[in-house]
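Undergrad: Quick check, what structure comes out for this input:
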Amino acid sequence: MIGEKDQPAAITVLTVLLLAISLSTGVSAQATNSSGNGLTNGVNERFRNAGMLVLAGRGTPVIDGVLSIDEWDMATPYSGFTQFQPDPDKPASQKTTAWILYDENNLYVAFACEQPDPEIQAYITRRDHMEGNADFVAILVDPFLSWKEAYLFMVNPAGIQSETMVGTEGGGDGNWDTLWRAQASVSESGWSAEMAIPWNSLRFTRADKQTWGINLVRSIGGKSEMSVYAPLDIGGNNIIASNATFSGVEGVSPGRSIWFNPYATARAAREGAVGGGTDWARQSGLNYMGADLRLGLASNLILDMTVNPDFGHIEADQEKINLTPYELFFEEKRPFFLEGQRIFDMPIDLFYSRRIYNPIGGAKLTGQVGSTQIGLVTAYNEPLGSNDPFPYTMQSALRLKQNIGTSYIGAMVTSQEMPAQSRTDDESGYYRNIGIDFDFKPSDRISVMGQVATFSESEVGRRNGAWVLAAAYTSRSLISTISFVDIQRDFDARLGFVPRRNQLLIEPFIGYRHEADWGKIKWVTPNCRVLRFQNSTTGELVEQRIGPGVSVQMRNNSSINFDVWIWDVRRNGITYPGTNYTVSWNANQSGALNGYAGFDVGDGFDYGDEQVVTDYAGWTGVTWRPGMRASVSVSGQYIQRNMVDGGGVIGDYVIGSVRGNYQFTRELFGRIYLQQRLDHTGQDAGAGSKSRRMLMNVLLGYEVGPGSVIYVAYNHYDLGTIPGVGEPDRVLFLKVARLFAF
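TA: Sure thing, here's the model as predicted:
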């Protein structure tokens, strides 16, 4: 363990070491890029499509969605797309042709999509909110040849745009936004799309000649078909390594863009009170105004600063039923924290941005220097009113990741500093975590990752650690993983998310993926997972589970899963056994009607009363799209817990929700969301106690593009029959924000 007095020195040494490595490897990386043939030398030869070459021609087309031969005649046409869903490595069922051009300002991409059938799904939705697995085309680019992260730009037949950052396993950061243009048009034989992506919306090196990784993607929603120009290895653990080589671009630079994004809100609130509501109060002025500033410092380094940041939610947290002793995780939705948040990911989450719950200002630096990724965020947090038990704090996180091919080694330091005048008697002056992690990929099928972390605080002097080690092997037919996680009793990730401490977890998993091709059934995957929790301090067994199951995937991308959990929990020398059975179904998300459903029956453990109970749970949801502009979603969840001996119902819990969306134009939309939760507990002792929560959110929005919006919203939160709670909270607010890009 690193002692308290040694921490500043350790942080300094670690930072200098990683930055020194980044400078040395950054020079060689840029030299490789500038040579124009980096993908065919050394370690890069092992990638599946290293020999495929995509060239960009020189030209400036008109972006109107209608392809003109005269505009694109300087570009080479690329076709011959290959499926990876539903029939990997087979030719695409419909012809797709793509062209790429560039000039000193933009990268241009065009697609011509033949589609005499099925019907083209041209849903008109909000930007970045494409519906399901509908029709779209996309370009995937990896400008730094990192083989770890890439930009994905998508457009559907209605011209709706979406952009995201994609990771190696296919997951991405859909909250990433940038400025670019796209148009599309539909004809009798199919549809076409054109994109213009400004160079200053991308991050890449300032080499004279650019060499990137690239892939071109098409989705046909009515056939549940996904196809790509550079074939994907469905058995690999790195989809970006399937990219082809992209070159031909010369004499361009990313520029240093500046974004200035001021906002203002006006609120009228009527907050509920015991015994009756208060009057409506108007809330406006300087406290409800702020601004974000984004500066492009280098080719791949962005500085974000914020004053009185806009953290007003238009998306409320949905209710979740939690019958475990562990904290629930809620996604980040605040704009300032969303940019570059993937860089802060670690196997053990040392930084969970929602711990910074009421900042009055902050700054964030994200990007890449050479082959080292950098993330630094700091914010000053103030209490939420006079009754807030948490003091003023300065909360910060520094993240460094040194990329080594498709592998990396990284480190993170988090700190929560509290001024002396804001502390209570039992609080320290600071809480800190230091973590080092790695992800080693010796091949496209093998991955080994791990992390060690420490915790310390100034006053009490507690110091404790945590570590994780995991390995995975994937192929076309075999999926196997094993992980070991040790979270010691006093380990405290004050700015992180660690739901269960004082545990040693061992978790092996194995699955066999069989390409059945039995009529409508495409894949059958039997699998088995084992979970074993031990007390990290004493080594005693706390809980263990074994879960055999099977997953069946249809050709239309819907799936059915069957799972069994055989478990026992040990408390005070007593072993409590139980068994659960789960069946779930997920429909293909394209088309006018789709949904999901599932149920779980069997035994559960009541951690409050430490007893085995009988659980019955069910969940379902359906989405209906009556036209190209509208959608309605209805979902519900029900859980009932009973005495294991049939003595009565302990409690039942119901959550139901309805969401309706209508898109008047590409910019103007309306949405209504209703959610109600009903809890009825203690029924075995009589009538029991009932509680009700109801949330309603109505939103009318006009979104010109990222950062330029007008919202009018009404929120209604009713705690209903919860004892001691009076009238519901009602809030009506107007928000106006404008993005100025230079």
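Undergrad: could you pull out the helices for the chain?
TA: Under the criterion DSSP state H, the chain contains helices at 7-35, 69-72, 335-338.
Undergrad: Lowest mean pLDDT across those helices, which one is that?
TA: Lowest mean pLDDT of the helices of the chain: helix 7-35, a mean of 35.
Undergrad: which non-adjacent residue is nearest D729?
TA: Y717 (4.6 Å; C-beta to C-beta, 6 or more residues apart in numbering). For glycine as for every other residue, the C-beta is placed from the backbone atoms N, C-alpha and C.
Undergrad: So for the one you found, what's the pLDDT?
TA: pLDDT, read off for Y717, is 81.
Undergrad: Can you show me the strands along the stretch 101-250 of the chain?
TA: 106-114, 136-142, 149-155, 161-167, 172-173, 181-186, 190-198, 209-220, 225-228, 244-250 (DSSP state E, counting those that start in this stretch).
Undergrad: now for these, which one comes closest to A269?
TA: strand 172-173 (32.9 Å; C-beta to C-beta).
Undergrad: what residues are up against the residue nearest to D729?
TA: Taking C-beta atoms under 8 Å, 6 or more residues apart in numbering as the criterion, Y717 is in contact with R693, M694, L695, M696, P728, D729, R730.
Undergrad: What's the per-residue pLDDT of the residue nearest to the third one when sequence neighbours are not counted here?
TA: What that stands for is L695. In this structure, L695 finds its nearest non-sequential neighbour in Q675, 4.6 Å apart by C-beta to C-beta, 6+ apart. Per-residue confidence (pLDDT) for Q675: 93.
Undergrad: Same list (the contacts of Y717) but as JSON lines, adding neighbour count and pLDDT.
TA: JSON lines is the format used below for these (neighbours: other C-beta atoms under 10 Å; pLDDT from 0 to 100):
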{"residue": "R693", "neighbour count": "19", "pLDDT": "84"}
{"residue": "M694", "neighbour count": "16", "pLDDT": "87"}
{"residue": "L695", "neighbour count": "20", "pLDDT": "88"}
{"residue": "M696", "neighbour count": "18", "pLDDT": "90"}
{"residue": "P728", "neighbour count": "19", "pLDDT": "62"}
{"residue": "D729", "neighbour count": "17", "pLDDT": "78"}
{"residue": "R730", "neighbour count": "18", "pLDDT": "83"}
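Undergrad: from these, which is closest to I343?
TA: Nearest to I343 among the contacts of Y717, with distances taken as C-beta to C-beta, is L695, at 32.7 Å.
Undergrad: roughly how far apart are the closest one and M412?
TA: For L695, the distance to M412 equals 35 Å [C-beta to C-beta, to the nearest Å].
Undergrad: Am I right that M346 is in contact with M412?
TA: Yes. The pair M346 / M412 is scored as a contact, 6.2 Å apart, by C-beta atoms under 8 Å.
Undergrad: Give me the more crowded residue out of those two.
TA: Ranked by neighbour count (other C-beta atoms under 10 Å), M346 and M412 place M412 first, with 28 against 22.
Undergrad: Check what pLDDT that one gets.
TA: Value listed for M412 in the pLDDT field: 97.
Undergrad: OK, contacts around it?
TA: When contacts are taken as C-beta under 8 Å, 6+ apart, M412 is in contact with F344, M346, L350, F351, A397, L398, R399, L400, N433, I434, G435, D437.
Undergrad: Tabulate these (TSV), appending distance to G190 and pLDDT.
TA: Output for these, formatted as TSV (distance: C-beta to C-beta, whole Å; pLDDT from 0 to 100):
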residue	distance to G190	pLDDT
F344	42	92
M346	45	93
L350	49	94
F351	46	93
A397	48	95
L398	50	96
R399	45	97
L400	47	96
N433	53	94
I434	55	95
G435	50	96
D437	46	97
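Undergrad: quick one: which of these is nearest to W585?
TA: Nearest to W585 among these, with distances taken as C-beta to C-beta, is M346, at 33.7 Å.
Undergrad: before we move on, back to that, I'd guessed the residue nearest to L695 sits against S657; true?
TA: Yes. With contact taken as C-beta under 8 Å, Q675 and S657 are classed as touching, separated by 4.1 Å.
Undergrad: Can you get me a residue count around the residue nearest to L695?
TA: By the measure other C-beta under 10 Å, the count of residues near Q675 is 19.
Undergrad: swap in the one 5 residues further on?
TA: The local packing count at H680 equals 18, with neighbours defined by other C-beta under 10 Å.
Undergrad: W585 too?
TA: 15.
Undergrad: same question, the one 5 residues further on
TA: S590 is flanked by 24 other residues according to other C-beta under 10 Å.
Undergrad: Next one: the residue nearest to it when sequence neighbours are not counted from F669, what distance?
TA: By the measure of C-beta to C-beta, 6+ apart, the closest residue to S590 outside its immediate chain neighbours is G221, 3.3 Å from it. Per C-beta to C-beta, G221 is found 21 Å from F669.
Undergrad: In terms of neighbours, single out the busier of these two.
TA: G221 (25 against 21).
Undergrad: Quick check, the more buried one in contact with D135.
TA: Yes. Contact between G221 and D135 holds when scored by C-beta under 8 Å: they sit 5.0 Å apart.
Undergrad: domains of this structure?
TA: Using automatic domain parsing, the domain parsing of the chain gives 1-32+327-499, 36-250, 263-296+625-742.
Undergrad: how about a markdown table for the ones you listed, with distance to D600 added?
TA: Shown next, in a markdown table, are those (distance: least, C-beta to C-beta, whole Å):
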| stretch | distance to D600 |
| --- | --- |
| domain 1-32+327-499 | 18 |
| domain 36-250 | 25 |
| domain 263-296+625-742 | 9 |
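Undergrad: Pick the most deeply packed of the ones you listed.
TA: Between these, domain 36-250 has the highest mean count of neighbours, a mean of 20, where neighbours are mean count of other C-beta atoms under 10 Å.
Undergrad: hmm, back to that, name the residues contacting each of M346 and M412.
TA: Contacts common to M346 and M412, judged by C-beta under 8 Å, 6+ apart, are G435, D437.
Undergrad: Who are the contact partners of the spatially closest residue to Y702 that is not a sequence neighbour?
TA: Closest residue to Y702 apart from its sequence neighbours, by C-beta to C-beta, 6+ apart: I710 at 4.4 Å. Applying C-beta under 8 Å, 6+ apart to I710 gives the contacts G701, Y702, L734, K735, V736, A737.
Undergrad: Could you measure from the first one over to I240?
TA: Same thing as G701. 33 Å.
Undergrad: do the fourth one as well
TA: When C-beta to C-beta is the yardstick, K735 and I240 sit 37 Å from each other.
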